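In: need a structure here:
(chains A, B, C and D)
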Number of protein chains: 2
Amino acid sequence: MTDDRIMTIREMCDAYDVTPRTLRFYEAKELLFPIREGQKRLFTKRDRARLKLILRGKRFGFSLEEIRQLLDLYHMGDQQQTQLARTYEIAQQRLSDMEAQRDELNQAIDELKEQMRWGEKMLASMDQSKRAAE
Amino acid sequence: MTDDRIMTIREMCDAYDVTPRTLRFYEAKELLFPIREGQKRLFTKRDRARLKLILRGKRFGFSLEEIRQLLDLYHMGDQQQTQLARTYEIAQQRLSDMEAQRDELNQAIDELKEQMRWGEKMLASMDQSKRAAE
DNA sequence: CGTCTGAGTTACGTCAACGTAAATTCCCAT
DNA sequence: ATGGGAATTTACGTTGACGTAACTCAGACG
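Out: Residues are numbered from 1 along each chain as shown, chains lettered A, B, ... in the order given. Alright, predicted model coming up:
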């Protein structure tokens, strides 16, 4: 399977459009755990899966620390149930935050649309005046 | 009307749960324009309206600069139509950004919910094992 | 009149998420 | 052996959105 190929840092950068600095930074922050073959880093399928989630998380405005927590939930195997329950709580909290944000966002979108219709009419009437003046 | 009352910086801070530093910072960034009576700042209904929008914008992850642009659209009265059209464009761009973000957010919420159901089942089975062990 | 409080100005500090530059180090082909 | 091209480490720089400390100044109050 070409699926669990191992990738160099360059390949990763090209594939996910990030810089080497970013990948090393994520490793330092314990978001990724590439294999260290001598000096070089080698990224596995696991790292690629995590990176995808990191990048998506970022698009939602999560901090790297928050993302790390969620990643722990995703990849929790046979940990203590206490920790798992805690992290589960965190995820629930985040979920309701996200839903609240989505609702507010929807409302704001509607309001902004209203405002823009207002702008449209203004532009139209100004165009009229302009034609009349010529 | 108690609506267009004028408020001191302290009253504003209490009412909107921000620090004086924040309000002065927003003034410096031209997001607010309190009246300067001698030394003191006095905040009008207009400032309060703007502040509400600023705070909401922040919850969506807009930068203060982006918020300033939107505020300009909201409070645009009789400006040149060129500027207005430009700002209108910006607002449209932002709108589609927001909608894309909302869609992605919805998708992530669904996926996270899935993942959490997974976590629920794990917790349940672990609870079973625990009972059996006692 | 002294002082205490609240507001203001100035300017340096902070935190996140990297960017960027400098100085190795490693491998490979000439 | 040697020069070239990656990758690495170290460490200082950057941007946004304020925090925080130091000092000043204007009223209010006993």
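In: in stretch A:9-24, what's buried?
Out: Of the residues in stretch A:9-24, those buried under the neighbour-count criterion (16 or more other C-beta atoms under 10 Å in any protein chain shown) are A:9, A:12-13, A:16, A:18, A:22-23. Where C-beta positions appear, they are placed from N, C-alpha and C, glycine not excepted.
In: Out of these, which sit inside helices?
Out: Those of the buried residues of stretch A:9-24 mapping onto helices are A:9, A:12-13, A:16, A:22-23, per DSSP state H.
In: Output the below-cut-off pLDDT ranges for chain A.
Out: Counting by pLDDT under 70, the low-confidence segments of chain A come to A:1-2, A:74-91, A:94-95, A:98, A:108-109, A:112-113, A:115-134.
In: Would you map the strands across it?
Out: Counting by DSSP state E, chain A forms strands over residues A:35-37, A:40-42, given from the N-terminal end onward.
In: and the first one, what other elements does it pack with?
Out: Secondary structure elements in contact with strand A:35-37, counted by 3 or more C-beta pairs under 8 Å, 6 or more residues apart in numbering or on different chains; DSSP states H and E, are strand A:40-42.
In: can you list contacts of the strand it packs on?
Out: The set of residues external to strand A:40-42 that reach it, using C-beta atoms under 8 Å, 6 or more residues apart in numbering or on different chains, is A:6-9, A:23-24, A:27, A:34-36.
In: ok, and which of those residues reach DNA strand D?
Out: Checking those against DNA strand D by C-beta under 7 Å from any atom of the strand, the ones in range are A:8-9, A:24.
In: Any idea which residue of chain A lies closest to chain B?
Out: The nearest approach of chain A to chain B comes at A:G61, 4.4 Å away (C-beta to the nearest C-beta).
In: who are the neighbours in contact with that residue?
Out: By C-beta under 8 Å, 6+ apart, the contact set of A:G61 is B:G61.
In: my guess is A:F60 contacts B:R102, does it?
Out: No. In this structure A:F60 lies outside contact range of B:R102 using C-beta atoms under 8 Å: 10.5 Å.
In: if we can go back for a sec, now flag whichever of the ones in helices among the buried residues of stretch A:9-24 is closest to B:D110.
Out: A:Y16 (22.9 Å; C-beta to C-beta).
In: what sits against the closest one?
Out: Listed by C-beta under 8 Å, 6+ apart, the contact partners of A:Y16 are A:48, A:51-52, A:55.
In: Among the residues you listed, which are located in helices?
Out: A:48, A:51-52, A:55.
In: A:E65: neighbouring residues, count only.
Out: 9 (other C-beta atoms under 10 Å in any protein chain shown).
In: er, A:R5 actually
Out: The burial metric for A:R5, expressed as a neighbour count using other C-beta under 10 Å, is 11.
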